[in-house]
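Q: predicted coordinates and the sequence they were generated for:
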Amino acid sequence: MPLLNLQDFLHGLNESLTPPESLTPGPPPAIPIPGLPSPKLPEDILAPIFDIFTTSNFHNLRIAVQVNTYLYNRYRSQVYRYISLDKYKIGDFQLHATLNLAKSNSTVTSPKIAKRKLTRFTSFCHSSTHLEIADKESAQGLVEVLASSSLKNTLHVLQNVEYLILKPDFVRFLQKIDYHNPKLNTDKAPDSKRTVQLLVRYLQPRHMCIDTLRADDKKNPKSPEIWKIELLKRNWKIESMTFHNDVGDTRVIFTNVATQRFFVHTLYGGPANLVPSVDRPFDHYPSEVHIHQYTNFTPPQVTISAGLEPHIKSKDVRVHEDYTSTQCASCKRAY
C-alpha cells in the first residue's frame, strides 16, 4: 500500500465522520474522490493512525480537530495550549467570551446551542497552559473579561495556565506611575496596579517569563515594574522566573523563586551585580541563579549585594557563555 499524506487519508474517511460544529475556521472538508475506499474505522484504529500524522506537525493537528468530534476531543489540548494576546487580538477574545460566557442567553434561541458553545469555549481555555500578554491593551481587556459580573465561570477560565509570558510593552505599562485622583485618571480601563491585582486573582502560573524588565540599568525595589511584579506573584507558587534581554549589569533577584535565569542583552557582558527586589528579608532565597551572557571577563565576575550575600553563595550562581545550552521554561527561547 503506497504511503498517504493526511489529506489523502481524509479523502478515504467514511462520510459519517462529520466535523464538530462551530470550530475555528480552517480548510474546507475534503471532497470524496470516486474510486477510493471509504473505510469505516473504529476509534481504536483511527486514533493511532492520526497520532502518526499529527506527531510534531501542527498543521496536521489543526486539520485533525476538524474531522470529527472524537478527534477534536483527542487533540484539542495540543492545539490550544498557547494563548497569545495583544492589542489586535484581545477584541476577538472579548467577543468570544461575551458570546459564550454570558449569563443571559437572550441572543441564543436554543439552550442546547448555548450549552455547547459554553462547553467548547471553556474547554478551549482549560486546554491552555501558556498565556502571553503583549501589552497594556491586552492585559486590560483580559482582566475586564475575567472580572466581568455579566459573565459566568470566569474564575476558572484560565485555571490551567502554568506559564505566564510578559512581553516588553506590558512591562513598560507596569513601569508607569498610577494616578488615583479621578480628575487625573480619565481612562476607564484599570490602571497597571489594578490590572496586576486582578491577574493575581484569576491566574495561578508556576513559571514566569519576562522580556526586557527595564530598558536601562536603573533597577531597584522602588522601580514601579519591580514592586508590581512582586505584587503580581505574591500569592502564586512560582517555581522559576526567566528574564530575556536583561539590560545593564544589574540582575534583580526576586523573592521566593527557587530558580532564576537571566539572558543578558548581547550589548552587555560585564560583571553581574545581584540585588534584591525588596528591602526586606526573603522568606525563601533562590537555590539556583543562571546568567547567560557573552563576557570578556575570565572568569566572569559576579557581585552579590549585602542583602543577598548571607543567603546566596557564589556556587549557587552560574554564568554560562553559551546562549543555546538552555531554553526558557515558558517561551522556549534561548536568548
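A: That came in fine, so what should we check first? Residues are numbered from 1 along each chain as shown.

Q: please make it C-alpha for all contacts and neighbour counts, starting now.
A: Fine.

Q: hey, where'd the helices end up in the stretch 1-150 of the chain?
A: Using DSSP state H, counting those that start in this stretch, the helices of the stretch 1-150 of the chain run over residues 6-11, 43-54, 58-64, 69-79, 90-101, 111-126, 136-146.

Q: deepest in the core, which of those helices is it.
A: Of all the helices of the stretch 1-150 of the chain, helix 136-146 carries the top mean neighbour count, a mean of 21, counting by mean count of other CA atoms under 10 Å.

Q: show the subsequent helix or strand relative to that helix.
A: Next helix or strand after helix 136-146 toward the C-terminus (DSSP states H and E): strand 163-166.

Q: so what touches that next one?
A: 129-134, 205-211, 329-331 (CA atoms under 8 Å, 6 or more residues apart in numbering).

Q: among those, which one lies nearest to residue 293?
A: The closest of the contacts of strand 163-166 to residue 293 turns out to be residue 211 (CA to CA; 15.3 Å).

Q: residue contacts, that closest one?
A: 165, 166, 167, 168, 171, 243, 244, 245, 246.

Q: so what pairs up with it in the strands?
A: Going by DSSP bridges, residue 211 is paired in beta bridges with residue 244.

Q: distance of it relative to residue 195?
A: To residue 195, residue 211 is 18 Å away according to CA to CA, to the nearest Å.

Q: residue 305 contacts residue 272, correct?
A: No. Counting by CA atoms under 8 Å, residue 305 does not reach residue 272; the two are 10.6 Å apart.

Q: circling back: adding neighbour count, write the contacts of residue 211 out as a markdown table.
A: Conversion of those to a markdown table gives the following (neighbours: other CA atoms under 10 Å):
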| residue | neighbour count |
| --- | --- |
| 165 | 21 |
| 166 | 22 |
| 167 | 19 |
| 168 | 19 |
| 171 | 26 |
| 243 | 24 |
| 244 | 22 |
| 245 | 21 |
| 246 | 29 |
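
Q: and the two most separated of those?
A: Taking CA to CA, no two of those sit farther apart than 165 and 246, at 14.9 Å.

Q: out of residue 305 and residue 272, which sits in the more crowded spot?
A: residue 272 (20 against 13; other CA atoms under 10 Å).

Q: helices along the stretch 201-335 of the chain, start to end?
A: Ranges of helices in the stretch 201-335 of the chain, per DSSP H, counting those that start in this stretch, are 224-232.

Q: mean confidence score for stretch 174-188?
A: Stretch 174-188 comes out with an average pLDDT of 68.

Q: re the thing from before, figure out which of the helices of the stretch 1-150 of the chain is closest to residue 228.
A: Residue 228 lies closest to helix 136-146 among the helices of the stretch 1-150 of the chain, at 13.9 Å (CA to CA).

Q: elements contacting the closest one?
A: helix 90-101, helix 168-175, helix 192-202 (3 or more CA pairs under 8 Å, 6 or more residues apart in numbering; DSSP states H and E).

Q: need these in TSV with distance to residue 311, can you?
A: Shown next, in TSV, are those (distance: least, CA to CA, whole Å):
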stretch	distance to residue 311
helix 90-101	42
helix 168-175	28
helix 192-202	28
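
Q: how about those helices, which one is nearest residue 61?
A: Nearest to residue 61, of these and by CA to CA, is helix 90-101 at 21.6 Å.

Q: just how off-centre is the closest one within its chain?
A: With CA atoms, centre = their mean, to the nearest Å as the basis, helix 90-101 stands 18 Å off its chain's centre.

Q: kindly export that helix (C-alpha atoms) in CSV.
A: Taking C-alpha atoms only, helix 90-101 is exported to CSV below (Å, rounded to 0.1, in the frame of the first residue of the first chain):
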residue,chain,number,x,y,z
ILE,A,90,-7.9,41.0,22.5
GLY,A,91,-11.1,42.2,20.9
ASP,A,92,-11.7,38.7,19.4
PHE,A,93,-11.1,37.1,22.8
GLN,A,94,-13.5,39.5,24.5
LEU,A,95,-16.1,38.9,21.8
HIS,A,96,-16.0,35.1,22.1
ALA,A,97,-16.0,35.3,25.9
THR,A,98,-19.1,37.6,25.8
LEU,A,99,-20.9,35.4,23.4
ASN,A,100,-20.1,32.1,25.1
LEU,A,101,-20.0,33.0,28.8
